[in-house]
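J.: model the structure of this input:
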Amino acid sequence: MLGSRFVRGLSIDWAAVPSDSYLRGILALTRLGSLELTHDVTIFAGENGSGKSTLLEAIAVAAGFGREGGTLNYAHSSYDDVSQLHEAITLVRGFVRPRWGQYLRAESFYNVATAANTEYAVGGPPLPDWHAQSHGESFLSFLRYAPPRCLFILDEPEAALSPRRQLDLQQLVAKAAAEGSQFIVATHSPIVLGIEGAQVLSFDGGRVHEVDWRETDAVRVMRDYFAERLG
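T.: Have a look, this model is predicted:
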């Protein structure tokens, strides 16, 4: 659904980033002045340190989420390590506002799940007890609970999920996107990269560029590994 994108793109004012910032050492980011998000599902791919999670975090904070994840109504923070990039980013927003939003990071999901059952659930319908489930089960349940037309920003969701559950995530994302939600995801998972109809942006090679998911390093490395090991 082309009209459902809440974040359509962004621009970066590098004059707002201090000259001694570590951000200026991330080549793919320093070469980025603007970026268009053309699909309801956009996936950032790239090696560790390539800048994908840094940009994802900056988009999330610029969109109104807390630096450690949460919803637009709840933001948890235990340590302020957010980069300065969000201060230099201007988001190009769509005409419609999301009904709800979630920024989920694997390392802080426990705190977000706790708040969901205590703080921002007050006065609403009862929520599942996500702590009574495994990490992966609660992660998927948290996404399934969201209403249509949400903005999801997910940082390495595969950290909580088995390969089989990553296939479940594929279907969940495709269904939610068809119902009007938007996803912006950073991942190392070849399975997550294969979400049907996604715009895949690689941060490898010192630039942000659109690729076919089958051409990403994550897929190539895994394919070569299994070809060698399985013959």
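J.: so what's residue 55 up against?
T.: 29, 32, 44, 85, 203 (CB atoms under 8 Å, 6 or more residues apart in numbering). From N, CA and C alone the C-beta is placed, and that goes for glycine too.
J.: send the alpha carbons of stretch 146-161 over as CSV?
T.: C-alpha atoms of stretch 146-161 as CSV (Å, rounded to 0.1, in the frame of the first residue of the first chain):
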residue,chain,number,x,y,z
ALA,A,146,-0.3,-4.1,17.5
PRO,A,147,-3.3,-2.6,15.6
PRO,A,148,-3.3,-1.9,11.8
ARG,A,149,-1.5,1.2,10.4
CYS,A,150,1.5,1.1,12.7
LEU,A,151,5.1,2.3,12.3
PHE,A,152,7.5,-0.5,13.2
ILE,A,153,11.2,0.2,13.6
LEU,A,154,13.1,-3.1,14.3
ASP,A,155,16.8,-3.5,15.1
GLU,A,156,18.0,-7.0,14.4
PRO,A,157,14.8,-8.8,15.3
GLU,A,158,16.4,-12.1,14.4
ALA,A,159,18.3,-12.0,17.7
ALA,A,160,15.2,-13.2,19.5
LEU,A,161,14.0,-15.7,16.8
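J.: what residues sit buried inside that stretch?
T.: Residues of stretch 146-161 classed as buried: 146, 149-161 (neighbour count, 16 or more other CB atoms under 10 Å).
J.: which of these fall within strands?
T.: Members of these lying in strands (criterion: DSSP state E): 150-155.
J.: could these go into TSV alongside distance to residue 222 and pLDDT?
T.: As requested, these are arranged in TSV below (distance: CB to CB, whole Å; pLDDT from 0 to 100):
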residue	distance to residue 222	pLDDT
150	30	91
151	29	94
152	25	94
153	25	95
154	20	95
155	20	93
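J.: can I get those in CSV with distance to residue 18?
T.: Converted to CSV, these look like this (distance: CB to CB, whole Å):
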residue, distance to residue 18
150, 34
151, 29
152, 31
153, 25
154, 29
155, 24
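J.: quick check, nearest of the residues you listed to residue 48?
T.: Proximity of these to residue 48 (CB to CB) peaks at residue 155, which lies at 13.0 Å.
J.: tell me, what's the model's pLDDT at the spatially closest residue to residue 222 that is not a sequence neighbour?
T.: In space, and not counting its chain neighbours, residue 222 is closest to residue 190: 5.0 Å by CB to CB, 6 or more residues apart in numbering. pLDDT recorded at residue 190 is 97.
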